[in-house]
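Student: coords please:
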Amino acid sequence: MKKLLSLLLSLTVIMSLSVPAFAAGPSFLDVSQSHWAYQYVERAADEDWVAGVGGGKFNPDGQVTGAQWYTMVARAFYGDQIPDKADAGKWYSDKWYGPYMQVGVDNMFDAYFAADIDAAVAERPMTRTEMACVVTEVMDQMGVEVPQDTFYAVADTIPDLDKIPVTSSAYTAVVRCYAMGIIGGVDKAGTFNGDGLMNRAQAAVVLGRMADLVDNGGKIPDAPEQPTEPTKPTEPEQPSEPTKPTKPATPSDVPTEDEVYNAIIALKADYPEGMTWTNDNVYKIPGLLSTGELHYTISRGCAAFTLMCQDAAFGPTDWVNGTKFKSRSHEVFDDIRVGDIVRYDNSSGGHEVIVLEKKGDSIIVAEGNYAGRVHWGREITRDFLEANDFFVTTRYPA
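Tutor: Next up is the predicted model:
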């Protein structure tokens, strides 16, 4: 951690030195020399990447639409590709931004956020996630690479990254933007706030950082900076994914089934009956790469819910330092105990439940992603399980 903080401070110094000083007065009446983004806005205006909004103003707090962002990026990095007119017959052919939109289409600015570039995207404000996606695609084309070990180290520092599906290209884009030091958090914790909107001053900063990285031959430090902008989310965001218990909810010896039940049922206050729970909900398990670098294995949907419950009772699963109560599997119904994970119907993709009560010929369970919801108290019979290819993962010692 000390090494990471040292590298972060080094990158902060490097990036502060990369911004040129401007001796002349402000180009815009509403961006004074004391404005936090003054040097970046001046540079972007001087390079003709951005223009004012009229009346000698820049409108630094104004939102950035898709069309405006594509225009800025096209001017900054694809100046020799901007046509005099957009191709005929396109939805944007007669728009003021037509030539710049043409550049965006030709260079697949939407590749990472997997949304067709259309009028809906062009004429509404871009989210921070979408802007990060465009940045990453452009940096890919400019030959900027993020080492895998740096990628995993950065992913661990973004507190709300779980709100983006780990399998999505947007997840990759956000982490890479952090790693490249181009777009960072909105607060000291490094919160990304992916649904938040970028303003024009922030867009100028992003352009400048992109250009600096390209001018530097695409070389990024071994560890990333998390630059923060002087903005905050408009309202507090509640986490949509489970957080790992910070300590085992059990005594030092093997927990009793009553203790396991109480630890699991306590989660019902935070994950109530009917709460939305789909494959977008994830649970992270720490582990090590062959290089020794930390990374996380991701469980999703029903598996995320059951593992969260089992960790609450037996202590967090940790593939780096090991766990006191290691998992083992079996296929014996009579050996099922409270707190065991039961998986069934594997030939059709499978579903997992956590056992709350064991009866003679059935079990009472809790589960996530049961028709897209959290559900407590469903009864599953022994006959059903034995007819549907079940197996059990337990944390009780043999």
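Student: Tell me who's in contact with the most centrally placed residue in the chain.
Tutor: Centroid-nearest residue in the chain: Leu161, 3.0 Å away (criterion: Cα atoms, centre = their mean). Counting by Cβ atoms under 8 Å, 6 or more residues apart in numbering, Leu161 touches Ala155, Tyr171, Val174, Val175, Phe192. Where C-beta positions appear, they are placed from N, C-alpha and C, glycine not excepted.
Student: gap between His375 and Val353?
Tutor: 9 Å (Cβ to Cβ, to the nearest Å).
Student: Quick check on those two: which one has the bigger neighbour count.
Tutor: Legend: neighbour count by other Cβ atoms under 10 Å for His375 and Val353, higher for Val353 (26 against 18).
Student: in this protein, which spans are helices?
Tutor: Ranges of helices within the chain are 2-17, 38-46, 66-77, 98-106, 119-122, 128-141, 148-155, 169-180, 200-215, 257-265, 301-314, 382-387, based on DSSP state H.
Student: Compare those helices and say which comes out lowest on pLDDT.
Tutor: For the helices of the chain, mean pLDDT drops lowest on helix 2-17, to a mean of 42.
Student: Just name the closest of the contacts of Leu161 to Arg300, please.
Tutor: Tyr171 (12.7 Å; Cβ to Cβ).
Student: follow-up on the earlier one: could the helices of the chain go into JSON lines alongside mean neighbour count?
Tutor: Shown next, in JSON lines, are the helices of the chain (neighbours: other Cβ atoms under 10 Å):
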{"stretch": "helix 2-17", "mean neighbour count": "13"}
{"stretch": "helix 38-46", "mean neighbour count": "21"}
{"stretch": "helix 66-77", "mean neighbour count": "23"}
{"stretch": "helix 98-106", "mean neighbour count": "21"}
{"stretch": "helix 119-122", "mean neighbour count": "16"}
{"stretch": "helix 128-141", "mean neighbour count": "23"}
{"stretch": "helix 148-155", "mean neighbour count": "19"}
{"stretch": "helix 169-180", "mean neighbour count": "24"}
{"stretch": "helix 200-215", "mean neighbour count": "22"}
{"stretch": "helix 257-265", "mean neighbour count": "18"}
{"stretch": "helix 301-314", "mean neighbour count": "25"}
{"stretch": "helix 382-387", "mean neighbour count": "14"}
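Student: Now tabulate those in JSON lines and tack on distance to Val342.
Tutor: Below are the helices of the chain laid out as JSON lines (distance: least, Cβ to Cβ, whole Å):
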{"stretch": "helix 2-17", "distance to Val342": "40"}
{"stretch": "helix 38-46", "distance to Val342": "56"}
{"stretch": "helix 66-77", "distance to Val342": "47"}
{"stretch": "helix 98-106", "distance to Val342": "50"}
{"stretch": "helix 119-122", "distance to Val342": "44"}
{"stretch": "helix 128-141", "distance to Val342": "36"}
{"stretch": "helix 148-155", "distance to Val342": "31"}
{"stretch": "helix 169-180", "distance to Val342": "30"}
{"stretch": "helix 200-215", "distance to Val342": "48"}
{"stretch": "helix 257-265", "distance to Val342": "14"}
{"stretch": "helix 301-314", "distance to Val342": "8"}
{"stretch": "helix 382-387", "distance to Val342": "7"}
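Student: Which one, of those helices, ends up nearest to Trp277?
Tutor: Closest approach to Trp277 among those is made by helix 301-314 (6.2 Å; Cβ to Cβ).
Student: Compute the inter-axis angle for the closest one and helix 257-265.
Tutor: Here helix 301-314 points in a direction 130 degrees away from that of helix 257-265 (axes from the mean of the first three to the mean of the last three Cα atoms, to 10 degrees).
Student: and helix 301-314, how far from the chain's centre?
Tutor: 21 Å (Cα atoms, centre = their mean, to the nearest Å).
Student: Now for Ala132: which residues touch it?
Tutor: For Ala132, the contact set (Cβ under 8 Å, 6+ apart) comprises Tyr112, Ala170, Ala173, Val174, Arg176, Cys177, Ile183, Gly194.
Student: Report the contact partners of the closest residue to the last one other than its chain neighbours.
Tutor: When you say that, I think you mean Gly194. Nearest in space to Gly194, with sequence neighbours left out and distances taken as Cβ to Cβ, 6 or more residues apart in numbering, is Thr129 at 3.8 Å. Residues in contact with Thr129, defined by Cβ under 8 Å, 6+ apart, are Phe113, Ile164, Ala170, Ala173, Val174, Phe192, Gly194, Asp195.
Student: Pipe these into a markdown table and attach distance to Ala120 per row.
Tutor: Shown next, in a markdown table, are these (distance: Cβ to Cβ, whole Å):
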| residue | distance to Ala120 |
| --- | --- |
| Phe113 | 13 |
| Ile164 | 21 |
| Ala170 | 17 |
| Ala173 | 20 |
| Val174 | 22 |
| Phe192 | 23 |
| Gly194 | 18 |
| Asp195 | 16 |
